[in-house]
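K.L.:
Prediction below, plus the sequence it came from.
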Amino acid sequence: MKKVIVLLAACLGLNTAINAQEMQKMPAKGNQMGLKKQDLTPEQRASKGATWAEKALGLNADQKSKWQAAALTRIQANGPLRDKLKATTDKTEKQKIRQDIKANLTSFDTTVGGFLTAEQKTKWDEIKKQKREAHKLKMGKEGDAKDAELKDVDQD
């Protein structure tokens, strides 16, 4: 019996070591350079977003540069707000910060909407709608899991 337990422990340890090495080799999700979003400078993030928009919406060079400038403005404005949001615990303060972030996003959408063609606006609106629905679905699943945990606790 002791041999079986020792053998099982050895296999489990070996498996853990192999998985740990594989995780180190994998780059961060969605980033080939292995950098996380926090590791990128605002200029790099804006450039990456403009390149994405160029592919997804078919932007020309002028539109891409305008997108990048608008994104850089949004990123630089929202960066301190997001840091402040993480640091505060006051609910009313968090709501105010979220409203400021939303205002910056609205400003970005207005700026972008000014230079996109009608077809590009339609694509952009569809992409935003899909992202919003995916977010709601994700938040709904998390909410359902929390509700299930609460129900389990109530039943005990």
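P.N.:
Thanks, I have the structure now.
K.L.:
Every contact and neighbour count from this point should use C-alpha atoms.
P.N.:
OK.
K.L.:
I'd like to know how many residues surround residue 70.
P.N.:
Residues within reach of residue 70, counting by other Cα atoms under 10 Å, total 19.
K.L.:
Please apply the same query to residue 75.
P.N.:
Number of residues near residue 75 (other Cα under 10 Å) recorded here: 22.
K.L.:
what's the answer for the one 5 residues further on, then?
P.N.:
Neighbour count of residue 80, defined by other Cα under 10 Å: 11.
K.L.:
can you check residue 119 too?
P.N.:
With other Cα under 10 Å as criterion, residue 119 counts 11.
K.L.:
What separation is there between it and residue 75?
P.N.:
26 Å (Cα to Cα, to the nearest Å).
K.L.:
quick one: the helices in this structure?
P.N.:
Counting by DSSP state H, one finds helices in the chain at the ranges 2-25, 42-57, 61-87, 91-115, 118-155.
K.L.:
Let me know the average pLDDT across the fourth one.
P.N.:
Per-residue pLDDT values over helix 91-115 give a mean of 92.
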